[in-house]
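>>> structure for this input, please:
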Amino acid sequence: MRFRLSDRQVGVLFMLPLILAVGIFLVWPIAEAVRLSFVRYNPLRPDDQPFVGLDNYLFVLEDPLFWESFWQAIVWTGWSTVLQAVIGVGLALLLHQPLKGMNAFRGLLLFPYIVPTVVIALNWRWLFNSEIGIVNHLLLSVGLIDEKIAWLSTPSMAMASAIMLNVWKYTPFVVIVVLARLQTIPTELYDAAKVDGAGVLRRFRDITLPQLAEVLAVVIVFRTIWTFNKFEEIYLLTRGGPGTSTYNLALYAFDQSIANLRMGVGAAAGVIMLVLLLAGSMLYIRVSGFGREDKAA
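So this is what the prediction gives:
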């Protein structure tokens, strides 16, 4: 008697690797972080993990550095995401034009996205060095500034430099996604609008933006989550300094866990970040109306 599987069983069988991967690399780490957030855990004494209830959360919420990190994470995430969206849409519209050589530019656009972050951050430190950096040299040469700018040792400029690095590296992701959507918009819509006398700005407002709305909603949610959780750019570029002027929540959780050996406090900070991102993403999707048309249909 031959053993045969039903279509449902075959489907479940094919899904098992994904279920295992999600369980091992997503569900288990989250569950372990939640567990650690309720205990006092020092990695030097791994067997001593007393239950402390909400003490770790109270420590985090009563720590002024946490709130300073929170507001700086909002600034870092907000400016990075907005600039990536605006510049990304602009570049995608440019690359969508049927001009000669556009394919080469599309390929070059991926360069910042595929270069390792550590390489970019180390090069960025040289470029923005106040004494020997090429950025100050070029700005002085063309007369845009009268004296050298301390890009990485002035609080406001350090945050601006970190944001510029993030925008430079991750704008190509926005461009790729938006460009793919632009290529699926029927040209008949633009042709009809031209016949009706619609100009470039009106066609962009009435046709392009509505067509891009759902894609931009997804891109903004993803980029907000990824940027809010970003650790390596700021750590490699400024170490959170000068002082704590570029300190964000990812650095706060890292320092509490690794530098201060308070794994429970670091886990509590991570859980709070998770809750904030979930709440913010759900609110944004609800306000933006993403998927509302599909439900209506």
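
>>> for the stretch 101-250 of the chain, what are the low-confidence residue spans?
In the predicted model, the stretch 101-250 of the chain carries no residue with pLDDT under 70.

>>> which residues in it form helices?
102-109, 111-114, 117-127, 134-141, 155-182, 187-195, 200-203, 209-228, 232-237, 249-254 (DSSP state H, counting those that start in this stretch).

>>> could the ones you listed be laid out in a markdown table, adding mean neighbour count and distance to Val75?
Quick note: C-beta positions are derived from backbone N, CA and C, even for glycine. Shown next, in a markdown table, are those (neighbours: other CB atoms under 10 Å; distance: least, CB to CB, whole Å):
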| stretch | mean neighbour count | distance to Val75 |
| --- | --- | --- |
| helix 102-109 | 12 | 27 |
| helix 111-114 | 12 | 22 |
| helix 117-127 | 16 | 19 |
| helix 134-141 | 14 | 22 |
| helix 155-182 | 20 | 7 |
| helix 187-195 | 11 | 38 |
| helix 200-203 | 12 | 31 |
| helix 209-228 | 18 | 11 |
| helix 232-237 | 21 | 12 |
| helix 249-254 | 24 | 12 |
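
>>> closest one to Val34 among those?
Val34 sits nearest to helix 249-254 of all the helices of the stretch 101-250 of the chain, at 13.8 Å, using CB to CB.

>>> tell me the confidence at Asp47?
Looking at Asp47, its pLDDT is 82.

>>> make sure it is indeed in a strand.
No. According to DSSP: H, G, I helix; E, B strand; the rest coil, Asp47 belongs to no strand; its state is coil.

>>> Phe222 is in contact with Thr81, correct?
No. Look at Thr81 against Phe222 with CB atoms under 8 Å: they stay out of range, at 9.6 Å.

>>> how distant is the helix ranked longest in the chain from the center of its chain?
As assigned by DSSP state H, the longest helix anywhere in the chain is helix 64-95. For helix 64-95, the separation from the chain centroid amounts to 8 Å (computed by CA atoms, centre = their mean, to the nearest Å).

>>> check stretch 106-114 too.
For stretch 106-114 - counting by CA atoms, centre = their mean - the centre lies 17 Å from the chain centre.

>>> how long is it end to end?
13 Å (CA to CA, to the nearest Å).

>>> check contacts around Leu65.
244, 247, 252 (CB atoms under 8 Å, 6 or more residues apart in numbering).

>>> how close does it get to Pro98?
Distance of Leu65 to Pro98, given as CB to CB, to the nearest Å: 53 Å.

>>> now do Gly90
Distance from Gly90 to Pro98, counting by CB to CB: 17 Å.

>>> who's more crowded, these two?
Between Gly90 and Pro98, Gly90 has the larger neighbour count (other CB atoms under 10 Å), namely 13 against 5.

>>> just the pLDDT at that one, thanks.
With respect to pLDDT, Gly90 has a value of 93.

>>> ok, now Gly291?
Gly291 is given a pLDDT of 55.

>>> which residues does stretch 143-159 contact?
72, 75-76, 125, 128-131, 133, 135-136, 139-140, 160-161, 237-238, 241-243, 245-246.

>>> kindly format the C-alpha coordinates of stretch 203-212 as CSV.
This file holds the C-alpha atoms of stretch 203-212, laid out as CSV (Å, rounded to 0.1, in the frame of the first residue of the first chain):
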residue,chain,number,x,y,z
ARG,A,203,-0.2,64.1,-12.6
PHE,A,204,2.1,63.5,-9.7
ARG,A,205,-0.5,64.5,-7.1
ASP,A,206,-3.5,62.8,-8.7
ILE,A,207,-1.9,59.6,-10.2
THR,A,208,1.6,58.9,-8.9
LEU,A,209,1.1,59.5,-5.2
PRO,A,210,-2.2,57.6,-4.9
GLN,A,211,-0.6,54.7,-6.7
LEU,A,212,2.4,54.8,-4.4
